[in-house]
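Enquirer: quick one, fold the following:
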Amino acid sequence: MDNKKILIIEDDADIALIEETYLKASGFDPFVLNDGLEIKQYLSQHHVDLIILDLMLPGKSGYQICNEIRQEVEVPIIMVTARNEIPDKIKGFGLGADDYLSKPFDPSELVARVNAHIRQYQRIKRSHQDENQSHGIIKVKDITIRQDSWRVFKENNEIKLPPKEFELLEFLAMHPNIVFAKEDLFEKIWGYDYIGDSATVMVHINRIREKIEDDYKNPQIIETIWGVGYRLNN
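Expert: Sure thing, here's the model as predicted:
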């Protein structure tokens with residue numbers, strides 16, 4: 001491991017210290033901010049490989065900060081919070097979070113999730129670098145997916161997708177008219193070493209639909225095959 005840089009945004013000094021200590025012991029290079037008020041400036045001046053973001057922060061909520069981060073970088077974001085309700089998770093995923101860890105948590109689980117996200121992110125980046133020449137652009141109805149630049153357009157309007165939403169849409173678009181179970185998509189996009197469950201797929205599919213479908217309540221591009229899974233129609 002080449003000392004991947006982890007940004008911790010956490011106002012509780014004790015929790016931040018625990019996170020920092022475990023990450024350092026695991027070979028990472030963590031840095032702590034106690035709020036996210038200057039997050040855009042920080043990201044413009046520093047490289048980070050992953051961000052651990054507390055939801056309840058002074059000045060700005062973690063939701064606001066997550067939205068600002070996604071305007072600047074596409075690195076994985078793990079939200080850490082005492083709020084464990086499904087609507088909170090859906091809102092976090094919708095703003096670009098890649099994972100959601102509830103307090104109290106085992107620090108070793110946090111480290112495992114950081115490792116999993118960084119490995120997956122690096123694999124995807126290498127894959128794109130290797131495949132750019134042969135792939136490049138995928139068209140699905142009025143949707144254009146530019147694999148080389150990780151950009152998606154609906155007609156001429158760019159749609160902002162966080163990394164996992166992009167990867168999921170890209171995978172389905174590369175395998176049109178094939179039905180995939182949630183469990184299969186979870187394995188393909190999040191991988192065996194990811195700690196989570198296939199319900200995450202449903203949340204991400206719904207967020208993608210809201211952005212690419214003309215009527216997300218009556219989806220025509222990504223169709224639910226009840227009792228089986230999802231199919232992208234081309």
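Enquirer: number of residues surrounding residue 108?
Expert: 10 (other Cβ atoms under 10 Å). Yep, even glycine has a C-beta here, placed from its N, CA and C like the rest.
Enquirer: ok, now the one 10 residues further on?
Expert: One way to gauge burial is a neighbour count; for residue 118, by other Cβ under 10 Å, it gives 18.
Enquirer: got phi/psi on residue 187?
Expert: Backbone torsions of residue 187, given as degrees, to the nearest 10, read phi -70, psi -40.
Enquirer: just the pLDDT for residue 156.
Expert: With respect to pLDDT, residue 156 scores 85.
Enquirer: point out where this protein drops to low pLDDT.
Expert: For the chain, the stretches flagged by pLDDT under 70 are 1-2, 84-85, 124-135, 192-198.
Enquirer: who touches residue 55 in this structure?
Expert: With contacts defined as Cβ atoms under 8 Å, 6 or more residues apart in numbering, residue 55 is in contact with 61-63, 79-83, 88, 92.
Enquirer: list phi and psi for it.
Expert: Torsion angles, degrees, to the nearest 10, at residue 55: phi -80, psi -40.
Enquirer: cool, residue 226 as well?
Expert: According to degrees, to the nearest 10, residue 226 has phi -60, psi 130.
Enquirer: do you know how far it is from residue 12?
Expert: Plainly put, residue 226 is 44 Å away from residue 12 if you go by Cβ to Cβ, to the nearest Å.
Enquirer: the more surrounded of the two?
Expert: Neighbours per residue, other Cβ under 10 Å: of residue 226 and residue 12, the larger number sits with residue 12, 15 against 6.
Enquirer: who's in contact with the most centrally placed residue in the chain?
Expert: Nearest to the mean C-alpha position of the chain, by Cα atoms, centre = their mean, lies residue 98 at 2.9 Å. For residue 98, the contact set (Cβ under 8 Å, 6+ apart) comprises 76-78, 117, 162-164.
Enquirer: residue 69 too?
Expert: So residue 69 contacts 39, 43, 51, 53, 77, 96 (Cβ under 8 Å, 6+ apart).
Enquirer: quick check, residue 230 in a strand?
Expert: Yes: checked against DSSP: H, G, I helix; E, B strand; the rest coil, residue 230 lies within a strand.
Enquirer: and it, how many neighbours?
Expert: 21.
Enquirer: how close does it sit to residue 180?
Expert: For residue 230, the distance to residue 180 - Cβ to Cβ - is 6 Å.
Enquirer: name the residues contacting each of those two.
Expert: residue 172.
Enquirer: so what's residue 200 up against?
Expert: So residue 200 contacts 93, 186, 190 (Cβ under 8 Å, 6+ apart).
Enquirer: and what about the first one, helix, strand or coil?
Expert: Secondary structure of residue 93, reduced to three states by three-state DSSP: helix.
Enquirer: skip the chain neighbours and tell me the closest residue to it.
Expert: residue 203 (5.0 Å; Cβ to Cβ, 6 or more residues apart in numbering).
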